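K.L.:
Any chance you can model this:
(2 chains)
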Amino acid sequence: NAGVTQTPKFQVLKTGQSMTLQCAQDMNHEYMSWYRQDPGMGLRLIHYSVGAGITDQGEVPNGYNVSRSTTEDFPLRLLSAAPSQTSVYFCASSYIGGGFGIQETQYFGPGTRLLVL
Amino acid sequence: AQKVTQAQTEISVVEKEDVTLDCVYETRDTTYYLFWYKQPPSGELVFLIRRNSFDEQNEISGRYSWNFQKSTSSFNFTITASQVVDSAVYFCALSEARLLQGGSEKLVFGKGTKLTVNP
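P.N.:
This is a model prediction of the structure:
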């Protein structure tokens, strides 16, 4: 298993450009999510998905779009990049806990470092 | 609202010292999960432990141990006989767990504690 993979590892954008951060997992996990990590802020949830065709917003969704057409892939789109979106982006995935409050462990990809000039 | 506080921004110790990383959480849920992740200088996030709110037993894994106390809403992490390879940023995280629907899977992270272990 490759686990959770992310591409690219590093990207530089100019303000106003668009791009897609790719995330894929080969563990058949239902749940996938995107977080951003900023200095001194920990990780904050951007968007998440509980299965193909189902997505929802997290804590900081503005400026980002997601879709989930397959179980394996969960791309994150920046429609018009802004300097405030300079960050490290992590994708994570897990099984969904099967009732009675069971919470499965999320596993993270290696991250994408994004610089918006 | 859920919240995780890691009051220690940075800690520096000398190799072989014991060190405790503090984590205090807030939640209105009676069922929840707590996690610790390690982020070494290479940048990836490494899962260390998961603990649910019904299990207050302390856990030990090699040089790592965790102390969960619901009475003080704390889930502290201790490294015994620290090593240079333990140098990393450590994150504590919290998620709610909906009893009839499985976990919510949404993690709320603390801001992290940067641990530096000097030789």
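
K.L.:
Now do the longest strand seen in chain A: distance to the chain's middle.
P.N.:
Secondary structure of chain A per DSSP state E: the longest strand is strand A:42-51. Centroid separation for strand A:42-51 versus its chain: 6 Å, with C-alpha atoms, centre = their mean, to the nearest Å.

K.L.:
Sheet-wise, list the partners of that strand with their directions.
P.N.:
If you go by DSSP bridges, strand A:42-51 pairs up with strand A:31-38 (antiparallel), strand A:54-57 (antiparallel).

K.L.:
Now do the buried residues in that strand.
P.N.:
Residues of strand A:42-51 classed as buried: A:Gly42, A:Leu43, A:Arg44, A:Leu45, A:Ile46, A:His47, A:Tyr48, A:Ser49, A:Val50 (neighbour count, 16 or more other C-beta atoms under 10 Å in any protein chain shown). In this view, the C-beta of every residue, glycine as well, is placed from N, C-alpha and C.

K.L.:
Make JSON lines out of those and add pLDDT.
P.N.:
Formatted as JSON lines, these follow (pLDDT from 0 to 100):
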{"residue": "A:Gly42", "pLDDT": "88"}
{"residue": "A:Leu43", "pLDDT": "94"}
{"residue": "A:Arg44", "pLDDT": "94"}
{"residue": "A:Leu45", "pLDDT": "93"}
{"residue": "A:Ile46", "pLDDT": "95"}
{"residue": "A:His47", "pLDDT": "95"}
{"residue": "A:Tyr48", "pLDDT": "92"}
{"residue": "A:Ser49", "pLDDT": "91"}
{"residue": "A:Val50", "pLDDT": "87"}
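
K.L.:
Could you export the strands paired with strand A:42-51 as a markdown table, including mean pLDDT and mean neighbour count?
P.N.:
Output for the strands paired with strand A:42-51, formatted as a markdown table (pLDDT from 0 to 100; neighbours: other C-beta atoms under 10 Å in any protein chain shown):
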| stretch | mean pLDDT | mean neighbour count |
| --- | --- | --- |
| strand A:31-38 | 94 | 24 |
| strand A:54-57 | 91 | 14 |
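
K.L.:
Output the ones you listed as JSON lines; include the columns distance to B:Asp22.
P.N.:
Shown next, in JSON lines, are the strands paired with strand A:42-51 (distance: least, C-beta to C-beta, whole Å):
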{"stretch": "strand A:31-38", "distance to B:Asp22": "21"}
{"stretch": "strand A:54-57", "distance to B:Asp22": "31"}
